[in-house]
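Colleague: Next input, structure requested:
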Amino acid sequence: MARHLLRRIREGTLRTGERLPNERTLAAEFGVSRPVIREAISHLAGRGVVSPRGGSGSTVIAVAPERAQEALFLYMRDNRLDYRSIHEVRELVEVHASGVAAARATPDDIAALRQSLRTLKESPGQLAAAADADVAFHTAITRITGNQVIELILSSLHTTLLDVRSHNLALPSAYREAVRSHEAILDAIVEGDETGARVAMSAHLNAVFRYWQESDAPDTPEPPGP
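Modeller: All right, here's what the predicted structure looks like:
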């Protein structure tokens, strides 16, 4: 039942902001009981697709970015995608995003990147702080693009990659490489050098992949703990 209603929402028969037909109407249309309709609506509400309004019925709502991000993260976790697959997506998206950031970064954007780099430099041996700074740096770059789809994809990947980051940053050579790479990426963005930013990001991501490959770590990063 929930699938039928969801199909209508996907097809645009039921649009964001519109109310679902009442339970009696839906039950008669589909030839099922009202409790079945109620359960289907409850399922859709749990997925963030509709919002129950008590006696006034349920309304179709826009899916929040956090819901979509969570769904993508859970998909990657539950299907245990290997890091090679994730690396290829990062190369496609983050390299492009770095070039866009070089063209669009404002003084405030650059200040945020510098702060993340400063924190990373000040965190040798402090894995949590270093990993957070690393995420903040990459997140700031994607935010500069102003592209919500890029932000959604990469925010999900960054959550998945916490184990990769923590593992790599525990290696002194990998930590030093991360600092150098972030400096090169930032320098190119500051200079408005789109090609330079893409090249620097590509080199950084390849180094991350190399350190992961050369380690004894499993092919697929485990999801972060609670």
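Colleague: so how far is residue 32 from residue 5?
Modeller: Counting by Cβ to Cβ, to the nearest Å, the separation of residue 5 from residue 32 is 12 Å. Backbone N, C-alpha and C define where each C-beta goes, glycine included.
Colleague: I meant to write residue 51 there.
Modeller: 22 Å.
Colleague: More neighbours: which of the two?
Modeller: A count of neighbours by other Cβ atoms under 10 Å puts residue 32 above the other of residue 51 and residue 32, at 15 against 11.
Colleague: And the pLDDT for residue 74?
Modeller: We note a pLDDT of 68 for residue 74 in this prediction.
Colleague: And for residue 182, the neighbour number?
Modeller: Neighbours of residue 182 under the rule other Cβ under 10 Å: 22.
Colleague: pretty sure it contacts residue 204?
Modeller: Yes: the criterion here is Cβ atoms under 8 Å, and residue 182 meets it with residue 204 at 7.3 Å.
Colleague: Helix or strand, whichever it is, which one in the protein has the lowest mean pLDDT?
Modeller: Ranked by mean pLDDT, DSSP states H and E, the weakest helix or strand in the chain is helix 65-78, scoring a mean of 66.
Colleague: got any ranges where the protein has weak pLDDT?
Modeller: Low-confidence segments of the chain (pLDDT under 70): 53-56, 63-81, 159-160, 215-226.
Colleague: Can you show me the strands along it?
Modeller: Remark: strands assigned in the chain by DSSP state E are 50-52, 58-60.
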